[in-house]
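Colleague: need a 3D model of the following:
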Amino acid sequence: MSGMLASVNSLEEAKIALQANVDIIDLKQPALGALGALNTQQVSTIVTELAQRKPVSATVGDLPMQADLIFDAVKEMADTGVDYIKIGFFPDPDWQHVILKLQTLTQQSLKLIAVLFADQQPDFKAIGQLADAGFTGIMLDTMNKSNGSLTQVMPFADIQQFVAMAKQQQLLCGLAGSLRVTDIPALLPLEADYLGFRGALCANHQRTAKLDTLAMQAIQKALSLPRRKSPPLS
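Modeller: From the prediction side, this is the model:
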């Protein structure tokens, strides 16, 4: 069964998500990019107010793949008390240095979530490397939000393979990327740990707009529908 991750950009929105009983409250600022970050003071305030009533994740932003820069941003975000820290793995010829640098933080029990981008032809070989480095989970998202949802920019068989590989490595697995209600029936049978939403939860499906409680309810209803059997991997 897939849980619901709701991305929010303020304490007000976090309280709405809490009231809606979503599974993970994800902190980010959509106006600043695919994984735009809230400032750490704001994150700390939200974490304190939520008082561990729901798991909280936060992104460190759309950072270049520079190991020291990402390392410092993750350490700073960890001080806020969030449960999970999301790191975007953007197009770069060498992710290995970043992964090795972050391994020192996973050894300190920080729960790191790597985000790969479906519209950037990610190398799924990195899944095993991330697991070996002690990452807690991995997520498939989209970088360019104007090109359509995850199911439009990546073949379904590839999404299915991603989930299967994540599960094989015993990683927490998430799917996101401009997902709409209409994407849910096809993705549910894959049994990712969670499906992530932002635009579909907002007024007029605009990811920088305010949350719409009716839209949130529609997503939750779709997530509770009976699962059909997933087709086998080809």
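Colleague: any low-confidence regions in the protein?
Modeller: 225-234 (pLDDT under 70).
Colleague: and the strands in it, which stretches?
Modeller: Taking DSSP state E, the strands of the chain run over residues 3-8, 24-27, 56-59, 84-88, 112-117, 137-141, 172-175, 194-197.
Colleague: excluding its backbone neighbours, what's nearest the spatially most central residue of the chain?
Modeller: In the chain, the centroid-proximal residue (C-alpha atoms, centre = their mean) is Met139; its distance is 5.3 Å. Spatial nearest neighbour of Met139, chain neighbours left out: Gly174 (3.9 Å); criterion: C-beta to C-beta, 6 or more residues apart in numbering. Glycine gets a C-beta too; all of them are placed from N, C-alpha and C.
Colleague: list the contacts of the one you found.
Modeller: Leu5, Ile113, Gly137, Ile138, Met139, Leu140, Ala192, Asp193, Tyr194, Leu195, Gly196 (C-beta atoms under 8 Å, 6 or more residues apart in numbering).
Colleague: how many other residues sit next to the first one?
Modeller: Okay, so that is Leu5. Leu5: 24 surrounding residues under other C-beta atoms under 10 Å.
Colleague: shouldn't it be in contact with Asp193?
Modeller: No. Leu5 is beyond contact range of Asp193, at 9.2 Å (criterion: C-beta atoms under 8 Å).
Colleague: all helices of the chain, in order?
Modeller: With helices called from DSSP state H, the chain shows them at 11-19, 40-50, 67-78, 96-106, 126-132, 150-153, 156-168, 184-187, 213-223.
Colleague: quick one: which of these is nearest Phe117?
Modeller: Closest to Phe117 of the helices of the chain is helix 150-153 (C-beta to C-beta; 9.2 Å).
Colleague: got the buried residues for that closest one?
Modeller: Leu150, Thr151, Val153 (16 or more other C-beta atoms under 10 Å).
Colleague: leaving out sequence neighbours, find the closest residue to Met154.
Modeller: Nearest non-adjacent residue to Met154, counting by C-beta to C-beta, 6+ apart: Ala118, 4.0 Å away.
Colleague: the one you found touches Val153, doesn't it?
Modeller: Yes. Here Ala118 lies in contact with Val153, judged by C-beta under 8 Å, at a distance of 5.4 Å.
Colleague: which neighbours do those two share?
Modeller: Listed as contacting both Ala118 and Val153 by C-beta under 8 Å, 6+ apart are Thr142, Gly177.
Colleague: if we can go back for a sec, in JSON lines, list the strands of the chain along with distance to Thr208.
Modeller: JSON lines is the format used below for the strands of the chain (distance: least, C-beta to C-beta, whole Å):
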{"stretch": "strand 3-8", "distance to Thr208": "11"}
{"stretch": "strand 24-27", "distance to Thr208": "15"}
{"stretch": "strand 56-59", "distance to Thr208": "15"}
{"stretch": "strand 84-88", "distance to Thr208": "18"}
{"stretch": "strand 112-117", "distance to Thr208": "19"}
{"stretch": "strand 137-141", "distance to Thr208": "17"}
{"stretch": "strand 172-175", "distance to Thr208": "21"}
{"stretch": "strand 194-197", "distance to Thr208": "14"}
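Colleague: sorry, back to before: residues near the residue nearest to Met154, how many?
Modeller: Neighbours of Ala118 (other C-beta under 10 Å): 24.
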